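Engineer: Following is a predicted model, sequence given first.
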Amino acid sequence: MTTWEGGVNAGTGMHQIQILTVLRQSSAYKPVLVVKNNLNPCWKKFCVPLQTFCSSDLERPLKVDCSDHDSDGSHDLIGSFTTKVSELQKAAQGSPVGIDFTGSNGDPRSPNSLHYMSPDGLNQYLSALWSVGQVVQDYDTDKLFPAFGFGAKLPPDYQAAHHEFALNFNPTNPYCQGIQGIVEAYRMVLPQLRLSGPTNFSPIINHVASIATGAAQANSASQYFVLLILTDGEITDFDQTRDAIVRASRLPLSIIIVGVGPADFKAMELLDGDNGVLRSTIGETVARDIVQFVPYRQFKDAPVAALAQSVLAEVPNQLVSYFKMRGFEPPTPKAAPKS
Ligand SMILES: [Ca+2]
Ligand SMILES: [Ca+2]
Ligand SMILES: [Mg+2]
């Protein structure tokens with residue numbers, strides 16, 4: 001609401017100012033947030049059912065007005081903007097998670113599969129997701145994670161493999177509540193999937209990159225995305241993936257790749273770029289390193305702190321390098337109120 005400060009007749013002390021925010025629903029205005037007698041309002045969170053908010057249409061244009069409230073009803077418009085729920089969802093994007101459901105992981109019904117569910121309700125993917133997810137979750141404020149699978153054929157027709165499907169089978173709202181929510185979605189859909197191939201990373205990277213592009217164009221330093229990919233590491237589209245990473249290296253984005261199982265992770269180490277700068281297929285180098293690779297098997301029986309250290313070994317520096325590249329001050333954590 002940057003328009004607010006310049007627009008309001010602030011500081012005259014002539015009258016008490018009320019700020020009224022309204023949302024337009026069809027032709028009717030309905031005040032949803034009111035902050036009284038405050039020139040520097042802090043809006044409270046509010047909940048409205050999607051049906052009321054936008055008739056459950058995520059693409060429906062919404063107009064948000066901010067007005068100075070006058071008791072005679074002639075509210076003065078201070079500023080406004082239009083948006084839609086799909087945009088708001090992007091703005092609120094948590095850390096996206098991608099899970100590898102390709103055939104190289106083994107048939108989930110076979111005990112050799114990385115997706116084989118043991119009688120205690122766990123498998124290698126879930127163990128890795130739980131452990132790494134706890135680490136990442138602590139850094140996410142709203143704990144809403146859009147979760148995707150890739151490389152499986154889906155019901156009802158089981159035709160082509162999908163390279164990015166909502167893990168909860170709800171493409172309009174792929175968000176899961178916490179790591180627990182991702183685990184629940186995983187358990188629900190796993191028996192319905194047919195593992196397939198090829199093993200493509202680039203579609204999900206490009207999707208998250210497009211969201212990060214939108215955030216970067218907003219020209220504010222407030223948003224940074226961390227894409228978490230869990231995979232057995234046997235990538236098919238290595239060239240498209242490195243091209244996607246080189247393109248994404250100018251965006252507010254980091255990628256943490258967690259290697260599940262015992263596979264050869266050479267390709268993942270190349271993407272990580274610790275032993276040599278990653279280049280695109282035409283030889284362009286990354287603008288900055290945005291990938292961290294974590295071989296989960298090395299941390300399976302280690303203390304959580306060791307895993308956390310590895311998972312977060314590079315992200316803080318990657319974040320700082322982004323803000324430096326853009327000439328922004330990195331966001332500093334709010335100081336705790338002095339007691
Ligand atoms: Ca790296
Ligand atoms: Ca690394
Ligand atoms: Mg595979």
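Structural biologist: Received, thanks. Ligands and ions are numbered 1, 2, ... in the order given.
Engineer: Using just helix, strand and coil, how would you label the closest residue to residue 76 other than its chain neighbours?
Structural biologist: Once flanking residues are discounted, residue 76 sits nearest to residue 68: 4.4 Å by Cβ to Cβ, 6 or more residues apart in numbering. To be clear about C-beta, it is placed using only N, CA and C from the backbone, and glycine gets the same treatment. Going by DSSP: H, G, I helix; E, B strand; the rest coil, the secondary structure assigned to residue 68 is strand.
Engineer: now swap in residue 187 and tell me
Structural biologist: At residue 187 the chain is in helix, as set by three-state DSSP.
Engineer: Hmm, residue 122 and it touching each other?
Structural biologist: No - if you go by Cβ atoms under 8 Å, residue 187 and residue 122 don't touch, sitting 10.1 Å apart.
Engineer: How many residues are close by the residue nearest to residue 76?
Structural biologist: Neighbours of residue 68 under the rule other Cβ atoms under 10 Å: 19.
Engineer: what does residue 112 give?
Structural biologist: Using other Cβ under 10 Å, residue 112 has 8 neighbouring residues.
Engineer: Ok, residue 132 next?
Structural biologist: Neighbour count for residue 132, taken as other Cβ under 10 Å: 24.
Engineer: how about it, secondary structure?
Structural biologist: Applying three-state DSSP: residue 132 is helix.
Engineer: gap between it and ligand 1?
Structural biologist: Noted for residue 132: a distance of 16 Å to ligand 1, by Cβ to the ion, to the nearest Å.
Engineer: Next: residue 298.
Structural biologist: 16 Å.
Engineer: How confident was the prediction at that residue?
Structural biologist: pLDDT recorded at residue 298 is 94.
Engineer: for it, what are its contacts?
Structural biologist: residue 310 (Cβ atoms under 8 Å, 6 or more residues apart in numbering).
Engineer: and it, backbone torsions?
Structural biologist: phi -70, psi -20 (degrees, to the nearest 10).
Engineer: Now do stretch 161-178, average pLDDT.
Structural biologist: 95.
Engineer: So residue 306 sits against residue 294, correct?
Structural biologist: No - counting by Cβ under 8 Å, residue 306 sits too far from residue 294 to count as a contact (10.6 Å).
Engineer: out of the two, which sits in the busier spot?
Structural biologist: The neighbour comparison of residue 306 against residue 294 (other Cβ under 10 Å) goes to residue 294, with 27 against 12.
Engineer: got the contact list for residue 227?
Structural biologist: For residue 227, counting by Cβ under 8 Å, 6+ apart, the contacting residues are 95-98, 204-205, 208, 253-256.
Engineer: one more time with 7 Å, if that's ok
Structural biologist: Residue 227 is in contact with 96, 98, 205, 208, 253, 255, counting by Cβ atoms under 7 Å, 6 or more residues apart in numbering.
Engineer: same question, residue 186
Structural biologist: Listed by Cβ under 7 Å, 6+ apart, the contact partners of residue 186 are 99, 126, 167.
Engineer: Same check on residue 206?
Structural biologist: residue 244.
Engineer: From residue 257, how far out is it?
Structural biologist: According to Cβ to Cβ, to the nearest Å, residue 206 and residue 257 sit 16 Å apart.
Engineer: Please apply the same query to residue 191.
Structural biologist: From residue 191 to residue 257 the distance is 26 Å (Cβ to Cβ).
Engineer: Comparing these two, which residue is more hemmed in?
Structural biologist: For residue 191 versus residue 257, neighbours defined as other Cβ under 10 Å are more numerous around residue 257 (24 against 9).
Engineer: number of nearby residues for residue 161?
Structural biologist: Neighbours of residue 161 under the rule other Cβ under 10 Å: 21.
Engineer: now it: how far from residue 150?
Structural biologist: 8 Å.
Engineer: what do you get for residue 139?
Structural biologist: Taken as Cβ to Cβ, the span from residue 139 to residue 150 is 24 Å.
Engineer: Please say which of these two ends up with more neighbours.
Structural biologist: residue 150 (23 against 13).
Engineer: tell me the contacts of the residue nearest to the more buried one when sequence neighbours are not counted?
Structural biologist: In this structure, residue 150 finds its nearest non-sequential neighbour in residue 163, 4.9 Å apart by Cβ to Cβ, 6+ apart. Taking Cβ under 7 Å, 6+ apart, we find residue 163 in contact with 150-151, 200, 203.
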